[in-house]
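1. Take this sequence and fold it.
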Amino acid sequence: MIYYILIFIGITMIVIAKLFMKDQSNHLTNSVLLDEVKQTVEDFSTELDEENNKIMDRIIAMSTSTQDQYSQLTKRVEQLEIQIINLEKNRLKVKQVSHENMENDTLKENEDVLKINERYNELMKLHQDGKSVQYISNKTGINKGEVQLIINLAKQEGKSRAEA
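-> Numbering: from 1, shown residues only. As a prediction, the model looks like this:
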């Protein structure tokens, strides 16, 4: 029976030795894995820092560009305000001069505008003779719609002159 006890103790020691060796190899494997994870995290952190620096550089460049544009636009607004003031001054001067000359201009315009009857003398004679719009159009070479329009305008002009 002692023989069986020695065999049992031997087997137990072998099993314990294998388990102990396995724990150390797991410990070494865990240590290597932990080192790899640490290195990966450090690399990722470095990449993030580089990307953040690039983004900050872009933001600074955009900010500078925006400030330059703002100052240019501010100068442009100031120039436009000065131009508006000058235009208003000129407008007031022109308004005063134009008010004085308005009566003279309207008189000249009225003299320059001919009556419709005078401008389209042949057309109006044909109409007064009772000729049709088609006949007048063929005779004068003026479009039929235009002939009708001229006749209607002449009638309106006659009414407005009669009222005045």
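
2. ok, and residue 75, which helix or strand is that part of?
-> helix 2-112 (DSSP states H and E).

3. In this protein, where is pLDDT below threshold?
-> Residues of the chain meeting the criterion pLDDT under 70: 1-3, 19-30, 95, 97-115, 162-164.

4. One more pass at 80, please.
-> 1-6, 8, 10, 13, 15-34, 37, 91-119, 157-164 (pLDDT under 80).

5. picking up where we left off before, past the helix holding residue 75, which element shows up next along the chain?
-> Using DSSP H and E, the helix or strand that directly follows helix 2-112 along the chain is helix 116-119.

6. Can you give the contact residues for that following helix?
-> 124, 150, 153, 154, 157 (C-beta atoms under 8 Å, 6 or more residues apart in numbering). The C-beta positions use only the backbone N, C-alpha and C, and glycine is treated the same way.

7. Name the member of the residues you listed that has the highest neighbour count.
-> residue 150 (20 neighbours; other C-beta atoms under 10 Å).

8. which stretch of helix or strand covers that residue?
-> Short version, using DSSP H and E: residue 150 is in helix 144-163.

9. Which secondary structure elements does that helix sit against?
-> Judged by 3 or more C-beta pairs under 8 Å, 6 or more residues apart in numbering; DSSP states H and E, the packing partners of helix 144-163 are helix 116-119, helix 121-128, helix 133-140.
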